[in-house]
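Participant: predicted model and sequence below, questions to follow.
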Amino acid sequence: MKDRSELTTEKRNVRSTDIDRRATVEIVDVINAEDALVAPAVGRERLHIARAVDIVVDAFRRGGRLFYVGAGTSGRLGVLDASECPPTFGTRPSQVQGIIAGGRRALVRAVEGAEDSSADGAAALDRRRFRPEDVLVGIAACGLTPFVRGALERARQMGAPTVFITCAPEVAAKVEADVVITPVVGPEVVTGSTRMKAGTATKLVLNTITTTAMIKTGKVYGNLMVDLRATNEKLRERSERIVMEVTGLGRRQAAQLLTRARGMVKVAILMQKRDLTFHEARKRLKLSKGSLRAAIEQAP
């Protein structure tokens, strides 16, 4: 598509055509009103998002990985979501990965033209040793980014499952992917600035995919992140609170239990709940495929 003027993401927003003439608080009100349209748009894609989650969960259970590929804001959001999985859910850094056109430099500074090569998108997957058992999630607000489309095509050639996220309904039906997620948020307040509503919608979708996948694979007990990695004081304190909440222990006892459990929240809880040693708790968790609930409820 040479003329992108018909894309929703490139159209002018009739509610902000005179925004440069408005008072500061009026500008803030316009932006806020447009942002309020984002969550309902994502909600309308709930079934497609759920399908994407099931694909990711199946891949994780087979030892596969999740790859996000994007350019500009879309790429940065993918890298951000991937980078937050290890401390939040205790995943290996390789389990969820983000690839951005232009590489690491593009995370902090625009790399013009990096998104324009489909061959570069395919090559980026090859460098990460992408495999058929992995999942590729391509992110492109306008739906046309060659770098992303090239990566999608390479993944499909390999027989890997694919998901595509775009805010441009005009191209959604033309993209070959197992699942296409299209939150239609409408034209941006500043024409074409997809770091705004489209970016917010993308962040919500990515949050939902990884969080739900982690819940489904046993990384959460109730609504507690029992697989977190306590890499700083805040997370160490949170680990103690989680153990206290589930076991009923006081803070000092919880801290002592975590020390015996080598900082592993799941192991600490299981040791206390089922009166197990560290090694017994680790073995029981392995047999329950990492699910704390299943390990607790498992017959002796």
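Facilitator: Arrived safely.

Participant: can you pull the buried residues of the helix or strand containing residue 246?
Facilitator: Using DSSP states H and E, residue 246 sits within helix 233-247. Under the neighbour-count criterion of 16 or more other C-beta atoms under 10 Å, helix 233-247 has 235, 238, 239, 240, 242, 243, 244, 246, 247 buried. No exception for glycine: its C-beta is placed from N, CA and C like everyone else's.

Participant: show residues contacting it.
Facilitator: When contacts are defined by C-beta atoms under 8 Å, 6 or more residues apart in numbering, helix 233-247 is touched by residues 87, 221-222, 224-226, 228-230, 249-251, 254-255, 257-258, 263, 265, 268-269, 272-273.

Participant: which of the residues you listed are buried?
Facilitator: 221, 224-226, 228-230, 249, 254-255, 257-258, 263, 265, 268-269, 272.

Participant: which ones among those map onto helices?
Facilitator: Among these, DSSP state H puts 254, 255, 257, 258, 265, 268, 269, 272 in helices.

Participant: how close does residue 73 sit to residue 190?
Facilitator: Using C-beta to C-beta, to the nearest Å, residue 73 is found at 13 Å from residue 190.

Participant: ok, the two, which is more surrounded?
Facilitator: Shown here are residue 73 and residue 190; by other C-beta atoms under 10 Å, residue 73 has more neighbours (19 against 15).

Participant: correct me if wrong: the more buried one contacts residue 145.
Facilitator: No. With contact defined as C-beta atoms under 8 Å, residue 73 does not reach residue 145; the gap is 11.0 Å.

Participant: can you tell me which helix in the chain is longest?
Facilitator: From DSSP H, the single longest helix across the chain is helix 197-216.

Participant: just checking, what packs against it?
Facilitator: On a contact count with 3 or more C-beta pairs under 8 Å, 6 or more residues apart in numbering; DSSP states H and E, helix 197-216 meets helix 24-35, helix 38-43, helix 46-61, strand 66-70, helix 72-89, strand 135-139, strand 162-165.

Participant: could you dump these to TSV with distance to residue 105 and mean pLDDT?
Facilitator: Output for the helices and strands packed on helix 197-216, formatted as TSV (distance: least, C-beta to C-beta, whole Å; pLDDT from 0 to 100):
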stretch	distance to residue 105	mean pLDDT
helix 24-35	29	97
helix 38-43	29	98
helix 46-61	28	98
strand 66-70	15	97
helix 72-89	12	95
strand 135-139	19	98
strand 162-165	24	98
